[in-house]
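Participant: pasting the sequence and the predicted coordinates here, then a few questions.
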Amino acid sequence: MKFAQVIVDVAPLHLDHPFTYAIPEEFSSRVFVGSRVRVIFHGRKLIAYVVDITNDSPHKDRISPIYDVLCDQPVLTPEVAALTKSISQRWIGSWVDVIKASIPPRHAKTEESVFAQLPMPSAVDLSGYASSEAWNHYSPGVFEGLAAHSQFSAALVAAPGDDLQKLGLDVAVTAIRRNKVALILVPDLKSLKRLHKLVLMHVPKDAVAVLSSEDGPGPRYRNFLRVLRGEVSLVIGTRAAVLAPISSLGVIVVLDDTDNSYSELRNPAWNAREVALMRRESAACQLFIASHSRTTEVQRLVESGNVIDVVPDRDYVRLHQPRIRATSAEDLARDPLAKVVRLPSQAFTAIRDGLKTGPVLIQVPRRGYQLRLSCARCRESVRCTQCEGPMSRAQQSGPMSCTRCGAVTAIFSCQWCQSTEVRSGQLGAVRTAEEFGRAFPDTVIRTSGKDNILDEIDLSPALVIATPGAAPVVKDGYYSAAVILDADATLMYSYLTAHEDTFHRWCDVAALVAPQTGTVIVAGDDSHHVISAFTSLDTIGFASKELAIRKAASMLPANNVIEIHAPLGTWSSFDVPLPPTAKVFGPVAIQRGQEKCERVLISTPWAEAELSAKAIRANAIKTWLARGSIGMEIDVDPAMLF
């Protein structure tokens, strides 16, 4: 009899290790390393994944047998098993949770139809594929290096007018021509649809697999199995596709890595770009990161020599970028109503002129109607009476609701001056659309936001009101102009990467505007360093300065940071043997929802980050065993650090 080491689908960290089960004789020819099985665990039938098989066990007389085999073919490859384990350790989470992110839920009918046939790799002839001429104005030799060297890694900032997806496909084709499989990652479904359409113009459909959680269970599982069986040459997908079971991986292409959608929301909260870096090492493949601006994380990789810096010629950028202007102090002096009506006269002129030739994009920071409500008399913020959260309103005459706990109230009375009138310090997309409808009565106005995101629009004149990340692309063209509203309010956000995130969103807007002839207006003070960097599209300089600030503060991404939230007084009782180089910030008492807790930040140089993670993980397991629960939340390299 043989024995299987399995990872069982259970949540607690103290159970996050392999358990031994016997392989019954009837399953001896069906259980392999990587098999998905069902076991009896504490009286329950649970799914488990086989990570090792041994010929003996010290307690073989007392070991339970595997209850059932769910698939006769392994679904967890050794490389993905090792990668998911490393992810769970780095981001202090459960191994099985990462495994489940890499393997879609089983669909029996699809599985039966796929395995009824032998694997049929698709023949791909890309000899007629033409690479983009845009490579001519980037750092010389980069594209040739990607085509020739199997472990060449680069980070590119796109020039105005260049199509990121076409550049990414160019790199993928170089790997396919070397008889390798290429993986292209995009941040969201909207980008995936555009990429899929582009790919099918050049690559045979049978050679492409799309991995997305938005697909139905059947198509999603079928594409996963096609990748597992080596039937495709190109894999495209969103965040979780970075864990695809590709056996001959040639290159990982990460597009728009500035998008926060690459961060997993559930614990362990890994980031697809960082996982791509880890997989570059485990698969010995290329890595190509491309975006319209530069993150501090990628800038750290460039400065450390981990990836090659690929930037367009500066003179080319100056010549081809759209005209970008911000509201200066002189503009406000000549236009005193600009701050009141949110639209300086130069922005109004840009919109009016832009509508003569095509669509105009208006970006607002938030969706909704009225945000950041305050008392109309004394300007005191309107707060929720239950949790002290900020209140907002979905329509002019509607009730106010709390953005934190959702409590609704129709009556307001200021606790300081007893006024019953409110005003809004920031307006959402819906209210903005109403205002522009009155200002441009004969113009088509379209909105794109969380509840209704437009993928693309045509070249006909229209005003498009969109929140960050929701702006549709213009089919076969560009916006003639764009206006970024409430820039000063956006720059007042207090989390660590607020300035960086804002800069990235603005660069994404500029990329949608016609090169050379287009106009971008930022409704904000041009003396602010973020606005100043944006008006000159100094993406590398901005990233370098932001990284220097983080280094001085020992914050992300210069250091590894672990954020812990725990009940008041908890941290003082913990005995965590952290490395001597680790810095502990806190504990600080904060309000989370309706409860108070304490927050601790642990900053460690990357060379010793693994030691900190192991120490905190061990303490969390020890606490669970002693109390029956951890009693704290652990977030490694949090996407939003306040």
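Facilitator: Done, it's in.
Participant: in which helix or strand does residue 251 reside?
Facilitator: strand 249-255 (DSSP states H and E).
Participant: these two touch, right, residue 566 and residue 634?
Facilitator: No: counting by C-beta atoms under 8 Å, residue 566 stays clear of residue 634, with 9.3 Å between them. Backbone N, C-alpha and C define where each C-beta goes, glycine included.
Participant: quick one: contacts for residue 572?
Facilitator: Residue 572 sits next to residue 587 when contact means C-beta atoms under 8 Å, 6 or more residues apart in numbering.
Participant: and it, that one's in a helix?
Facilitator: Yes: with DSSP: H, G, I helix; E, B strand; the rest coil as the criterion, residue 572 is assigned to a helix.
Participant: what separation do you get for residue 184 and residue 497?
Facilitator: Distance of residue 184 to residue 497, given as C-beta to C-beta, to the nearest Å: 25 Å.
Participant: then residue 129?
Facilitator: Relative to residue 497, and taking C-beta to C-beta, residue 129 is found at 38 Å.
Participant: the two - which one has more neighbours?
Facilitator: Comparing residue 129 with residue 497 by neighbour count (other C-beta atoms under 10 Å), the higher total belongs to residue 497, at 22 against 15.
Participant: what ranges do the helices span in the stretch 51-200 of the chain?
Facilitator: 78-90, 95-102, 108-115, 142-148, 164-177, 189-200 (DSSP state H, counting those that start in this stretch).
Participant: reformat the ones you listed as CSV; add mean pLDDT.
Facilitator: Converted to CSV, the helices of the stretch 51-200 of the chain look like this (pLDDT from 0 to 100):
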stretch, mean pLDDT
helix 78-90, 96
helix 95-102, 95
helix 108-115, 91
helix 142-148, 82
helix 164-177, 96
helix 189-200, 95
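Participant: okay, now the unreliable bits of the stretch 301-450 of the chain?
Facilitator: 328-343, 366-372, 377, 379, 385-389, 393-397, 403-406, 423-435, 437, 439 (pLDDT under 70).
Participant: show me the strands in it, by range?
Facilitator: Taking DSSP state E, counting those that start in this stretch, the strands of the stretch 301-450 of the chain run over residues 308-310, 323-327, 360-363, 370-375, 391-393, 400-402, 408-409, 422-427, 445-448.
Participant: after the longest helix along the chain, which helix or strand is next?
Facilitator: In the chain, with assignment by DSSP state H, the single longest helix is helix 609-627. With elements assigned by DSSP H and E, the helix or strand that comes after helix 609-627 is strand 633-636.
Participant: give me the distance from that following strand to the chain's centre.
Facilitator: Using C-alpha atoms, centre = their mean, to the nearest Å, the mean C-alpha position of strand 633-636 is found 17 Å from that of the whole chain.
Participant: for stretch 209-219, same thing?
Facilitator: Worked out by C-alpha atoms, centre = their mean, stretch 209-219 lies 19 Å from the chain centre.
Participant: quick one: contacts of that stretch?
Facilitator: 104-105, 107, 109-110, 189, 192, 196, 220, 223-224, 226-227, 231-232, 234-238, 240-241, 244.
Participant: just the buried subset of those, please.
Facilitator: 104, 107, 110, 189, 192, 196, 220, 223-224, 226-227, 231-232, 234-238, 240-241, 244 (16 or more other C-beta atoms under 10 Å).
Participant: distance check, residue 557 against residue 272.
Facilitator: In terms of C-beta to C-beta, residue 557 sits 15 Å off from residue 272.
Participant: what about those two, which has more around it?
Facilitator: Using other C-beta under 10 Å as the criterion, residue 557 and residue 272 rank with residue 272 on top: 25 against 21.
Participant: that one and residue 504, how far apart?
Facilitator: On the measure of C-beta to C-beta, residue 272 and residue 504 end up 16 Å apart.
Participant: all helices for the stretch 251-400 of the chain, in order.
Facilitator: Counting by DSSP H, counting those that start in this stretch, the helices of the stretch 251-400 of the chain are 272-283, 296-303, 314-320, 329-334, 338-341, 345-354.
Participant: let me see the mean pLDDT of the first one.
Facilitator: Read it as helix 272-283. Per-residue pLDDT over helix 272-283 has a mean of 96.
Participant: now tell me what touches it from outside.
Facilitator: Contacts for helix 272-283 (C-beta under 8 Å, 6+ apart): 79, 82-83, 86-87, 151, 153, 185, 239-240, 242-243, 246, 249, 252, 254, 257, 262-264, 285-287, 289, 295, 297-298, 301, 306, 637.
Participant: returning to what we had before: let's have the helices of the stretch 51-200 of the chain in TSV, adding distance to residue 392.
Facilitator: Shown next, in TSV, are those (distance: least, C-beta to C-beta, whole Å):
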stretch	distance to residue 392
helix 78-90	36
helix 95-102	33
helix 108-115	44
helix 142-148	47
helix 164-177	34
helix 189-200	25
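Participant: can you check which of the ones you listed gets nearest to residue 325?
Facilitator: The closest of these to residue 325 is helix 164-177. By C-beta to C-beta, the value is 24.8 Å.
Participant: packing partners of the closest one?
Facilitator: Applying 3 or more C-beta pairs under 8 Å, 6 or more residues apart in numbering; DSSP states H and E, we find helix 164-177 packed against helix 142-148, strand 181-185, helix 189-200, strand 249-255, strand 286-291.
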